[in-house]
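Q: can't give you the sequence, but here's the structure:
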């Protein structure tokens, strides 16, 4: 089985770890649907195809015309097509995500989608030690080790200008605005939002506000949701609040008002111990749930139950009878308390499947 490692980093341009991973394949020979999806994750890839090109060469395909789908479905379909094309080339593999707490929202969604579509063919790990993959440093040697995506000149300029605290020239601000509009058209609302907030610092005009509203609407969050994340890069690591679920019932919702991701504080060894005897499908399901916990969407994506004895402990029903128990330590860190079947995890009534 091939092994890869990608590293997540802070940046306004999203999908960098995804580009690093898919660059290990040959995108030029991918199916057209996958090359259309490339416009979302790797717009500078020469293999990118337009929807018009795909339609004119292959004709309309019922149920697969991305332009007719709602935005969320369109994004998921693009990520699915890209992930499927890459997996068809590479085959079964393992992917270590270093510094996974720094993953941008789009990359997090891609890796969750990849794990799901692979049906056990891809193992995705988030090492507890950011300097060493879970399987050890030996996996980082050779062509199947740590892979990185070099930013294009365009992307480097975006990053430099968006991070600048100086007054930008009119041409530089125009450039950022045009890039943001391009990301919006491609469906990458995450990158568009970050770039538009940088433009807003230079040019708070109605037109910029209108585009920012569009980006936020595509992402399903309020207009002011990303101020901490994009206006102050340190604030995103300090803020955050998880609203507690009601005991014994359907959960509450995590606060999505632009806070940074939840960080895993402890418990990874419990997951590793469980994974030694678990099936690949179950392991991928748990990793997908961990992504949802990290980005604060677990309470709306999964059925959860509170623990009456511990107000900050929650049971996440991952897959049928598979349960992940998590404990919130504070406003932005959590730990894995236990993972296993309902019969093995104390605190849930075995007859009802609810918190005892």
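A: Received it, and whenever you're ready, just let me know what you need. Quick caveat, the model's predicted, so the values are computed rather than measured.
Q: For the chain, just list every one of the strands.
A: With DSSP state E as the criterion, the chain has strands at 2-7, 93-98, 122-125, 263-266, 303-307, 310-319, 322-328, 333-341.
Q: a markdown table for those, including mean neighbour count?
A: From N, CA and C alone the C-beta is placed, and that goes for glycine too. Formatted as a markdown table, the strands of the chain follow (neighbours: other Cβ atoms under 10 Å):
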| stretch | mean neighbour count |
| --- | --- |
| strand 2-7 | 20 |
| strand 93-98 | 22 |
| strand 122-125 | 22 |
| strand 263-266 | 16 |
| strand 303-307 | 21 |
| strand 310-319 | 19 |
| strand 322-328 | 22 |
| strand 333-341 | 19 |
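Q: Out of these, the one nearest residue 36 is which?
A: Closest approach to residue 36 among the strands of the chain is made by strand 122-125 (22.1 Å; Cβ to Cβ).
Q: which other residues reach stretch 275-290?
A: 112, 115-116, 118-126, 264, 271, 298, 302, 316, 318-319, 322, 324, 336, 339 (Cβ atoms under 8 Å, 6 or more residues apart in numbering).
Q: and if you look at stretch 6-20?
A: The list of residues contacting stretch 6-20 from outside it, by Cβ under 8 Å, 6+ apart, reads 21, 40-42, 45, 82, 95-107, 110-111, 146-149, 151, 155, 158-159, 162-163, 188, 190-191, 194-195, 198, 230, 233.
Q: just to revisit the earlier point, going by mean pLDDT, which of the strands of the chain comes out lowest?
A: The minimum mean pLDDT among the strands of the chain belongs to strand 303-307 (a mean of 77).
Q: mind giving me the domain ranges of the protein?
A: Domain assignment of the chain by automatic domain parsing yields the ranges 2-140, 153-235, 239-341.
Q: Which one of those domains has the poorest average confidence?
A: When I compare these, domain 239-341 is least confident, with a mean of 72.
Q: Report the buried members of the contacts of stretch 6-20.
A: Buried members of the contacts of stretch 6-20, counted by 16 or more other Cβ atoms under 10 Å: 21, 40-42, 45, 82, 95-107, 110-111, 146-147, 149, 151, 155, 158-159, 162, 188, 190-191, 194-195, 198, 230.
Q: ok, residue 218 - how many residues close by?
A: 19 (other Cβ atoms under 10 Å).
Q: So that it lines up with my notes, have the first residue be 21 from now on.
A: Understood, numbering begins at 21; the last thing we discussed is residue 238.
Q: so how far is residue 56 from it?
A: In this view, residue 238 and residue 56 are 18 Å apart by Cβ to Cβ, to the nearest Å.
Q: wait, isn't residue 291 in contact with residue 357?
A: No: counting by Cβ atoms under 8 Å, residue 291 does not reach residue 357; the two are 10.7 Å apart.
Q: so residue 358 bridges to which residues?
A: Beta bridges link residue 358 to residue 345, judged by DSSP bridges.
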